[in-house]
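**Q** show me how the following folds:
(2 chains)
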Amino acid sequence: MSAGTYTPNPGAAPLPRMIATQAALETKMLLRNGEQLLLTVVIPTLLLVLFSSVDIVDTGSGKAVDFLTPGILALAVMSTAFTGQAIATGFERRYGVLKRLGASPLPRWGLMAAKTLSVLVTEILQVVLLTVIAFALGWSPHGNPFAVLLLLILGTAAFSGLGLLMAGTLKAEATLAAANLVFLLLLVGGGVIVPLDKFPDAAQSVLGLLPISALSDGLRDVLQHGASMPWGDLGILAVWAVVGLGAAGRFFRWE
Amino acid sequence: MESEPVLHLTGLVKRYGNKTAVDGLDLTAAPGITAVLGPNGAGKTTTIETCEGYRRPDAGTVRVLGLDPVKQASALRPRIGVMLQSGGVYSGARADEMLRHIAKLHAHPLDVNALIERLGLGSCGRTTYRRLSGGQQQRLALAMAVVGRPELVFLDEPTAGLDPQARRATWDLVRDLRSDGVSVILTTHHMDEAEQLSDDVAIVDAGKVIAQGSPEQLCRGGAENTLRFTGRPGLDVASLLKALPADSAAAELTPGSYRVAGKIDPQLLATVTSWCAQHGVMPDKISVERHTLEDVFLELTGRELRG
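**A** Next comes the predicted model:
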């Protein structure tokens, strides 16, 4: 390198380019991580295929795949927006990635926008994959696609808020353990593969207020039963989103 | 514009709980290379991280390139380069991938391939960050600090844990930055690094700057330097003293072992050897001891730098 190579010529790249490049890197890191893929792709796919083809859980009247697909889509959203994002962000915080990027021209809100974009891109890949598999298993969806989209977006917002709250306040190892535990508990108790009406009445009313239950129930109302707009579930998700994102914004620590 | 300070800190105070890390620190850095030298726990990193916008001062003012690092962060960040003491890279990212990423966040970055070659990072290949050696991780962090073509670069302990060859490579890059007009603020607890590299040294202890100047100024400012030689016992020290400049001192410490104290320069060395020649003395084991920053630090604080 010759003289003058390092002559100062500072400047930030255009904001959309910064956010796009950040989102691309985040997505690449996620897809390269084996544990993350297990969580976001392998587990939902296996559950969908297994429980649709083998009669393990009584999913009520109608085809099992029609009951299961909405639940698995909700699980996919949770695995990416909550579990995956919490673990990845927790370790980025621990390893000073968030700190280092905080000194780059990318503003903090831009970093968060990129994370959201990366989550959405991953979810689109998940939804496409799971939809193709579900159709192959004989899925026949109903309802209003706009309602489905709204549920997925509000669900993503709710889970992102909770995931970031965890990543920004707990130690990375604690986040790793807690995010996986929550994933497992909500998988069982959130109406994903086990219908909520299998639980006692008292438990049902509490479990029904969980974001995963609201998302799987809302998606099921639309996709399985053809409801036009599941306002109750949308309302629950909206409350979780406001509370989660608000708390994350208030308590998130970058280092 | 050249004379504008790149850094201007007045009365900086930063506390963590009831521990005061920085205690009324004043520091002005001109363009060039400024070393912030001090023992571990002196407040170097806190000071640097306040300049980088990571910490809000509890009192005092901080101006970096004339800007407030907290309130004018978005204007400042593209103009500075930051090398953290450790970390800062996705554990699953490759070195070139991370460097290209940081480059893309800037408008006119350096040629990434040339920088990779320059810092010997080409051999990292497809290895992800967590599997790089400590030296490779350090060099990547350095590359990330300069790739955006900043005006001012902050290097926090840039050579900590590096082998001598890698240290020299880092020093060479820092010198190249300066000759191309980039200013550098670096923290170190290595005396030789501060002495060899910097135009200006600020010695920090217990959260304050206790001395500042060029390495030469600081070394001259301390106690006198000395010249020692051995010869036959019982030489006429008074006669030697007459030949020397007025502010010098000379003594026979033990029989046949002599010490001259004062401003030791080539002229004085010539005076001593010619006096020996006139008196038929063969000065043996002649040595010159110039004061180092280490001595200066010891005098100022009464402590070794690395205790």
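**Q** give the contact list for the residue nearest the centre of chain B.
**A** Nearest to the geometric centre of chain B sits B:Ala194, at 2.4 Å (C-alpha atoms, centre = their mean). Residues near B:Ala194 by C-beta atoms under 8 Å, 6 or more residues apart in numbering or on different chains: B:Ala35, B:Leu37, B:Thr188, B:Val201, B:Pro215, B:Leu293. C-beta: built from backbone N, CA, C; applies to glycine.
**Q** state the pLDDT value of A:Thr59.
**A** A:Thr59 carries a pLDDT value of 76.
**Q** again, but for B:Ser287
**A** Value for B:Ser287, per-residue pLDDT: 85.
**Q** how much space is there between it and B:Gln278?
**A** In this view, B:Ser287 and B:Gln278 are 21 Å apart by C-beta to C-beta, to the nearest Å.
**Q** same question for A:Glu123.
**A** With C-beta to C-beta as the criterion, A:Glu123 and B:Gln278 are 92 Å apart.
**Q** mind listing the helices for the chain?
**A** Using chain A here. A:15-32, A:34-37, A:43-53, A:64-77, A:85-94, A:97-102, A:108-136, A:145-169, A:172-189, A:201-207, A:211-223, A:231-251 (DSSP state H).
**Q** try chain B instead
**A** With DSSP H as the criterion, chain B has helices spanning B:44-51, B:73-76, B:95-104, B:112-118, B:134-146, B:164-179, B:191-197, B:215-221, B:237-243, B:266-278, B:293-301.
**Q** which strands or helices does the last one pack on?
**A** Helix B:293-301 is packed against helix B:191-197, strand B:200-205, strand B:208-213, helix B:215-221, with contacts defined by 3 or more C-beta pairs under 8 Å, 6 or more residues apart in numbering or on different chains; DSSP states H and E.
**Q** would you tell me which one of the ones you listed is buried the most?
**A** strand B:200-205 (a mean of 24; mean count of other C-beta atoms under 10 Å in any protein chain shown).
**Q** mean confidence score for that one?
**A** On average, strand B:200-205 scores 93.
**Q** try stretch B:42-50
**A** Mean predicted lDDT for stretch B:42-50 stands at 94.
**Q** what does that stretch rub up against?
**A** B:9, B:12, B:14, B:21-23, B:25, B:27, B:36, B:38, B:55-57, B:62, B:69, B:85, B:154, B:156, B:185, B:187, B:204-208.
**Q** now, of those residues, which are buried?
**A** B:9, B:12, B:14, B:21-22, B:25, B:27, B:36, B:38, B:55, B:57, B:62, B:69, B:85, B:154, B:156, B:185, B:187, B:204-205, B:207-208 (16 or more other C-beta atoms under 10 Å in any protein chain shown).
**Q** mind listing the residues bridging to B:Leu7?
**A** B:Ala29, B:Val64 (DSSP bridges).
**Q** what's around it, how many residues?
**A** B:Leu7 has 24 neighbouring residues, counting by other C-beta atoms under 10 Å in any protein chain shown.
**Q** my read: it touches B:Val64, true?
**A** Yes. B:Leu7 lies in contact with B:Val64 (C-beta atoms under 8 Å); the separation is 5.9 Å.
**Q** find the residues that touch each one of those two.
**A** B:Cys51, B:Leu152.
**Q** the residue lying closest to B:Lys44 once chain neighbours are set aside and B:Phe154, how far apart?
**A** The spatially closest residue to B:Lys44, leaving aside those adjacent along the chain, is B:Thr187, at 4.1 Å (C-beta to C-beta, 6 or more residues apart in numbering or on different chains). Separation of B:Thr187 from B:Phe154 (C-beta to C-beta): 8 Å.
**Q** try B:Glu117
**A** For B:Glu117, the distance to B:Phe154 - C-beta to C-beta - is 24 Å.
**Q** same question, A:Ala13
**A** A:Ala13 is 21 Å from B:Phe154, by C-beta to C-beta.
**Q** what number of residues lie near the closest residue to A:Phe199 other than its chain neighbours?
**A** Once flanking residues are discounted, A:Phe199 sits nearest to A:Leu207: 6.2 Å by C-beta to C-beta, 6+ apart. A:Leu207 has 18 neighbours, counted by other C-beta under 10 Å.
**Q** just to check, A:Leu207 is in contact with A:Pro200?
**A** No. Using C-beta under 8 Å, A:Leu207 makes no contact with A:Pro200, being 9.9 Å away.
**Q** any regions of the chain where pLDDT drops low?
**A** Answering for chain A, as no chain was given. A:1 (pLDDT under 70).
**Q** wrong chain, I was asking about chain B
**A** B:1-3, B:220-224, B:303-307.
**Q** please redo it, this time with the cut-off set to 50
**A** B:1, B:222-223, B:307 (pLDDT under 50).
**Q** residues in contact with residue 100?
**A** Chain wasn't specified; assuming chain A. Counting by C-beta under 8 Å, 6+ apart, A:Arg100 has contacts B:Val82, B:Leu84, B:Gly87, B:Gly88, B:Val89, B:Met144.
**Q** let's do chain B instead
**A** B:Val112.
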